[in-house]
Each structure stands twice: as structure tokens, then as C-alpha cells.
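Visitor: coords please:
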Amino acid sequence: MNVILSRAAVSSEFANQVRRFSISSKKNVKVAVCGASGGIGQPLALLLKQSPLVTKLSLYDIVHTPGVAADLSHIDTPAVTKGYNGPESLKDALSGMDVVIIPAGVPRKPGMTRDDLFNTNASIVRDLAEACSKYCPKAMVGIISNPVNSTVPIFSEVAKKAGTLDKKRIFGVTTLDVVRSNAFIAEAKGLDPRKVNIPVIGGHAGITIIPLISQATPSVKFEKNELEALTARIQDAGTEVVKAKAGSGSATLSMAYAGARFAFSLCRAINGESNVVECAYIASDVTEATYFSTPLKLGKDGVAQNLGLGKLSAYEQDLVKAAIPELQKTIKKGEDFANKSS
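Guide: Predicted structure coming up:
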């Protein structure tokens, strides 16, 4: 049976989906996307353009950005959108921004790990950290560029040298691990994924990704072998997409969705909404690793409260112990790069 929807009906349904991410804004939030012409950047910019929370959308990349911005500017939503090309335009792209989301960098290909991206993406994040320190030092920054376990320390070290470091405002966006956990566990248990929430702690690569299934909402139970298989799938979900795309790219659409969710949470916190909680990878003293992802209560100035690990099962405690050495190694790699190259 064919169903033909009117334009009004389609627009209404589309708006309802957007409202899941946003609320009517009290403060006009200015958001920049650095890497806006890429596979993550374009769908991320599209999602941001739809939100009433975003009043100005600044798109930066090294090529094609004015075209992306022109395309988005034809959408009938309030966010004023402008594109900027090349390093010489970073001042105009970043000045006055409240939120900066960074998906810039090269994507993974089959056989590559996130760490294989290090040399190229590390330099990109270093340069953007220098620009943010100059032109929007008070912005909240969400870093998507992989390997996140190293790029967040790089950004922080550069900001520290510039004298602009505010640890409460620098985030590694690990939201995709939460989104994947919610989807996979909802599928396994026949639940509505919109009503499932799985905190994910640790980092954003391999064994450092630790889904806390024991803390799931609603509560779920799995046999040991099922739990181990689910955890492994969540930890290796990025590779699952890379293989499925057969050389054409990595997770772009799901990452854009997750990045938009995190950006909207920052916008809501800036607007003073209470109880905005997201997991993110930040400078932390919760474990021996100096950066660690945990659930965070977000506020107007960034991290309002680190909610910590919560009660871990014995299985999850073992996962944390295994993750710490790997995190410490990748954190040091990022810090060493920043200190040697600045």
C-alpha cells in the first residue's frame, strides 16, 4: 500500500525528530565545525543547521566549504551559515564561537587502526588548537578527530602552552560508543533504542572502550558469553563499518549523529538547562590515566560535575584494569607530539 505524505506532514515529522536533540534557546549559540567539508563534517553541519539552538553556524575546512555553506543556507531554519576555506580564514571562522566541534582529519581504511591516523590528524588538531587558543579561548571544544585518546591531550598541551587551558571545556567526543551500545543492546533485548542508555567509560579505541552494561537503563542481563560478545562488538564497531564500506570510508553518518547529539547537549548546558549528562573523554583524576571518559554533568562553563565510574561489576573492573596501560601509552604519545612539535 502506497502512502503519500503532504509536505506539511513530512516537515512536521522531520521537525519532531530534530526536537529530540534541541530545545527552544534562551541564548543564541554560535557553533563552528572544523572539517566541515568531510564525510563527518557535512552531515554534522546539516544536523546542526536544523536546530533552533544554533543561531550562527561557521563552517571551516581547507577546501569546498563555501559550497557546503551555500547549500545549507538554502534550508529554511534560522542558523546563519557561512563557509571558510584555508588557514588564513581561521580568525574569521572561529572568533566569537561558543562551541567548536572538530571532525577534521583523514578517515580510516580497511586494515588501519585509529592509531595509524596519528601523524596526519595530530598535526591538524595541533594547528586547530593553536587557532582556538587565539580566536575563541573560551569556547567549549568537542574533538572527534582520531585517535581521540591522543588528540585530546594534544589539544590540551597546546592550550596549556598558549596560556588558555581550561580543562572543563575540552572534550573527546565518545558519544558514538554510547549510541552504538544503546542500539546493539536494544536489538539484543528487543527494546526501543530511544529508551536505552548505556554509560561508556574509558577511551575511544579498542579495549579502552568500556560499556557499563551493568548500569544499563532499563536494567538488562546477559550470560557471560553474550556479555563478552556484545562488549567486543561495541569495542570493534568502527572496524565493522570500515569493512562494510570496503575501502570507501569509515563511520561518518553515525559519527555525525553522535557529534550533533553532543553539540546539542553543550548548547543546552550553555542555555542553563539542568541535568544535561553525556559521557566524554576529558582530563581526569578518576583513575591512574590522566584522561578518561566518564558520565559528566554539563554546565554553562563546561564540566559541572564528573559523575565518575559508579558501581562496576567484576567483569567491568577487569576491563578498566586492562584499559589503563593502553590509555597511558596513547596519552603520552599525544603529549610528546605536542611538546616536540610546538
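Visitor: could you pull out the strands for the stretch 1-150 of the chain?
Guide: Here the stretch 1-150 of the chain has its strands, by DSSP state E, counting those that start in this stretch, at 29-34, 54-61, 80-85, 99-102, 140-143.
Visitor: Relative to residue 207, how far out is residue 325?
Guide: Look at residue 325 and residue 207: by CB to CB, to the nearest Å, they are 10 Å apart. To be clear about C-beta, it is placed using only N, CA and C from the backbone, and glycine gets the same treatment.
Visitor: More neighbours: the two, which one.
Guide: Ranked by neighbour count (other CB atoms under 10 Å), residue 325 and residue 207 place residue 207 first, with 17 against 13.
Visitor: ok, now which ones touch residue 75?
Guide: 46, 49, 50 (CB atoms under 8 Å, 6 or more residues apart in numbering).
Visitor: before we move on, the earlier item: okay, the strands of the stretch 1-150 of the chain in JSON lines with mean neighbour count and distance to residue 275 next?
Guide: Output for these, formatted as JSON lines (neighbours: other CB atoms under 10 Å; distance: least, CB to CB, whole Å):
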{"stretch": "strand 29-34", "mean neighbour count": "29", "distance to residue 275": "18"}
{"stretch": "strand 54-61", "mean neighbour count": "25", "distance to residue 275": "21"}
{"stretch": "strand 80-85", "mean neighbour count": "20", "distance to residue 275": "30"}
{"stretch": "strand 99-102", "mean neighbour count": "27", "distance to residue 275": "19"}
{"stretch": "strand 140-143", "mean neighbour count": "27", "distance to residue 275": "18"}
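Visitor: Those strands into a markdown table, with extra columns for distance to residue 161?
Guide: Output for the strands of the stretch 1-150 of the chain, formatted as a markdown table (distance: least, CB to CB, whole Å):
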| stretch | distance to residue 161 |
| --- | --- |
| strand 29-34 | 19 |
| strand 54-61 | 22 |
| strand 80-85 | 25 |
| strand 99-102 | 18 |
| strand 140-143 | 16 |
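Visitor: For the closest residue to residue 200 other than its chain neighbours, the count of nearby residues, please.
Guide: The spatially closest residue to residue 200, leaving aside those adjacent along the chain, is residue 177, at 4.2 Å (CB to CB, 6 or more residues apart in numbering). Neighbour count of residue 177, defined by other CB under 10 Å: 29.
Visitor: Could you do the one 3 residues further on as well?
Guide: Using other CB under 10 Å, residue 180 has 24 other residues around it.
Visitor: Export the strands of the stretch 1-150 of the chain as JSON lines, with columns for mean pLDDT.
Guide: As requested, the strands of the stretch 1-150 of the chain are arranged in JSON lines below (pLDDT from 0 to 100):
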{"stretch": "strand 29-34", "mean pLDDT": "98"}
{"stretch": "strand 54-61", "mean pLDDT": "98"}
{"stretch": "strand 80-85", "mean pLDDT": "98"}
{"stretch": "strand 99-102", "mean pLDDT": "98"}
{"stretch": "strand 140-143", "mean pLDDT": "98"}
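Visitor: Which of those strands sits closest to residue 70?
Guide: Closest to residue 70 of the strands of the stretch 1-150 of the chain is strand 80-85 (CB to CB; 7.2 Å).
Visitor: Keeping just the C-alphas, turn the closest one into PDB.
Guide: Coordinates of each C-alpha in strand 80-85 appear next as PDB, following Å, rounded to 0.1, in the frame of the first residue of the first chain:
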ATOM      1  CA  VAL A  80      23.100  31.900   9.700                       C
ATOM      2  CA  THR A  81      25.600  29.700   7.900                       C
ATOM      3  CA  LYS A  82      28.900  30.800   6.400                       C
ATOM      4  CA  GLY A  83      31.900  28.800   5.000                       C
ATOM      5  CA  TYR A  84      35.600  29.500   5.300                       C
ATOM      6  CA  ASN A  85      38.500  28.000   3.300                       C
END
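Visitor: Give me the contact list for it.
Guide: For strand 80-85, with CB under 8 Å, 6+ apart as the criterion, the contacting residues are 36, 45, 49, 55-70, 72-73, 90, 92-93.
Visitor: In helices only, show me those.
Guide: Per DSSP state H, helices hold the following members of the contacts of strand 80-85: 45, 49, 65-70, 72-73, 90, 92-93.
Visitor: top of these by neighbour count?
Guide: With neighbours taken as other CB under 10 Å, the top of those is residue 45, carrying 31 neighbours.
Visitor: Does that residue touch residue 71 like I think?
Guide: No: taking contacts as CB atoms under 8 Å, residue 45 lies outside contact range of residue 71: 9.4 Å.
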